[in-house]
Each structure stands twice: as structure tokens, then as C-alpha cells.
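Colleague: predicted model and sequence follow; I will ask about them next.
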Amino acid sequence: GNSVTQMEGPVTLSEEAFLTINCTYTATGYPSLFWYVQYPGEGLQLLLKATKADDKGSNKGFEATYRKETTSFHLEKGSVQVSDSAVYFCALTHTGGFKTIFGAGTRLFVKA
Amino acid sequence: GAGVSQTPSNKVTEKGKYVELRCDPISGHTALYWYRQSLGQGPEFLIYFQGTGAADDSGLPNDRFFAVRPEGSVSTLKIQRTERGDSAVYLCASSSDRNQPQHFGDGTRLSIL
């Protein structure tokens, strides 16, 4: 069945450091891929998405590229800020479907 | 505009009791989803509504769980004979169409004593 695996946290970085959170998936066909973020005390919100191979999703300085050959969708940001501290979830939805499968989440702490 | 609203925000009850969790989606959103999130885990799909009908309820763990959306707007998740293992945050999301991004509510934290 479909599944999402992401790196375990917590990840602790200093402000302005480079961020990578790894995400790999297992799915048949061509799923859509997402990164969601949950800031402290807030609800889950969509950060970025990519719907086909080689697409790059981007938002708020974050980027992720849909790599079908490696079944990956790693999240990157060149320079993190304290305000980026949150839990990040990688997720997929199968083509034409609606059931979204989430990874376990990766907690990011950014120190000033 | 108003987002997805879930009530109550917290619910504490005793094992064996019946609970109802309410979700008020964004106005005009026809697709509605329920998820369950246990501590340290990602959300787990429970059920999807398109309009009034449950298009997929394959994520409901057993027949103690049931959800309705009688007028295609507000939805209620109902849990009978609650067990301690039902303790989790229950999330609701809505979207304008099943292919559009989902907007999540803040969730209901359910604790079964």
C-alpha cells in the first residue's frame, strides 16, 4: 500500500543554517506530494505541493522537488529562521484519489 | 474568511461513554475529511465526504465509529462505547474539491479516562 517515510526528529539548527528534511514514499502510479506544517498552537496548513515528476513546489523560501526515480520529496530551505520552528509533515494523495497519507512528522527547532 | 471550525476543542470523558465531535467546514467546500492523530504520529485518514455522502469510510477503525453530514455542510463524528485507545486529536479538513488543497481545523483533543 501507499506509505510515506520521513526523517526522525527533532532537528535542531541555528538561525541561517541550511535545512533538509528527507521524505521518501511508496505508491503505485503517480501520486501528488505535499509538505504540511504545524506551527506551535496552530492547525495543520499546506506549505507546498507538487503534482507530477520533476515539479518543484515552493513557498516561504522552502522548496521540494518531486523525484520519481528516487521516490523522494525532500524539503529544503537555504536559511532558516526562528519562526520556522514547527512540525513538518510529508504526505501523498494518489492520483484521482482523496485519501491523504501522512508521514510521522519531523519537529524542527531553530535557535537564535 | 472563516476557516474550518471544530468543537469542542477538548473533550474528557470516561471509558464506555458516547461522544460527538463537530466540524464546521469552510463555506462552500463540498469535500470534508476526518483524520485521527495520535501523539508523535501524522494524521491518519478516517473518512471522506463528498457532499452528504461518505465516499470512503475505509479508515474508520471499527463499527463504534460513525460520521454523518446530513446537509452537506456540518459533519459530526460519533464514537460509541469509547475506549482508552480512542484518545487522540481528531482533525477535520475541507476542500472546494477533492483535487484541491485541504484546509484543516485546529482539532478536538479527546481524552478517555
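Modeller: Structure received.
Colleague: residue B:36 against residue B:47, yeah?
Modeller: No: Residue B:36 is not in contact with residue B:47 according to C-beta atoms under 8 Å; the separation is 10.2 Å. C-beta: built from backbone N, CA, C; applies to glycine.
Colleague: what residues does chain B put near chain A?
Modeller: Contacts of chain B with chain A, taken as C-beta under 8 Å from any C-beta of the partner chain, map to B:3-4, B:31, B:33, B:40-45, B:48, B:55-56, B:58-59, B:91, B:93, B:98, B:101-107.
Colleague: worst-scoring helix or strand of chain A, pLDDT-wise?
Modeller: Using mean pLDDT, DSSP states H and E, strand A:100-102 stands out as the lowest-scoring helix or strand of chain A, at a mean of 92.
Colleague: and chain B, is that one touching that?
Modeller: Yes: contact of strand A:100-102 with chain B (C-beta under 8 Å from any C-beta) involves A:100-102.
Colleague: quick one: which of the residues you listed is most hemmed in?
Modeller: Counting neighbours by other C-beta atoms under 10 Å in any protein chain shown, the top entry in the residues of strand A:100-102 next to chain B is residue A:100, with 25 neighbours.
Colleague: bridged to that residue, which residues?
Modeller: Residue A:100 has the following beta-bridge partners by DSSP bridges: residue A:93.
Colleague: show me the contacts for it.
Modeller: Shown in contact with residue A:100 (C-beta atoms under 8 Å, 6 or more residues apart in numbering or on different chains): A:34, A:91-93, B:33, B:43, B:45, B:102.
Colleague: would you check how far apart the closest residue to residue A:44 other than its chain neighbours and residue A:38 are?
Modeller: Computed as C-beta to C-beta, 6 or more residues apart in numbering or on different chains, the closest residue to residue A:44 that is not its neighbour in sequence is residue B:104, at 4.1 Å. As judged by C-beta to C-beta, to the nearest Å, residue B:104 and residue A:38 stand 9 Å apart.
Colleague: try residue B:27
Modeller: Look at residue B:27 and residue A:38: by C-beta to C-beta, they are 24 Å apart.
Colleague: who's more crowded, these two?
Modeller: residue A:38 (21 against 9).
Colleague: dump the residues of strand A:100-102 next to chain B to TSV, plus distance to residue B:78.
Modeller: Output for the residues of strand A:100-102 next to chain B, formatted as TSV (distance: C-beta to C-beta, whole Å):
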residue	distance to residue B:78
A:100	22
A:101	25
A:102	24
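Colleague: quick one: which of those residues is nearest residue A:69?
Modeller: Of all those, the one with the least separation from residue A:69 (C-beta to C-beta) is residue A:101, at 20.5 Å.
Colleague: contact partners for the residue in chain A that chain B sits nearest to?
Modeller: Closest residue of chain A to chain B, C-beta to the nearest C-beta: residue A:102 (3.1 Å). For residue A:102, the contact set (C-beta under 8 Å, 6+ apart) comprises A:4, A:36, A:89-91, B:42-44.
Colleague: what is the least confident helix or strand in chain B by mean pLDDT packed up against?
Modeller: Ranked by mean pLDDT, DSSP H and E, the helix or strand of chain B with the weakest confidence is strand B:53-56, at a mean of 89. In terms of contacts (3 or more C-beta pairs under 8 Å, 6 or more residues apart in numbering or on different chains; DSSP states H and E), strand B:53-56 is packed against strand B:44-50.
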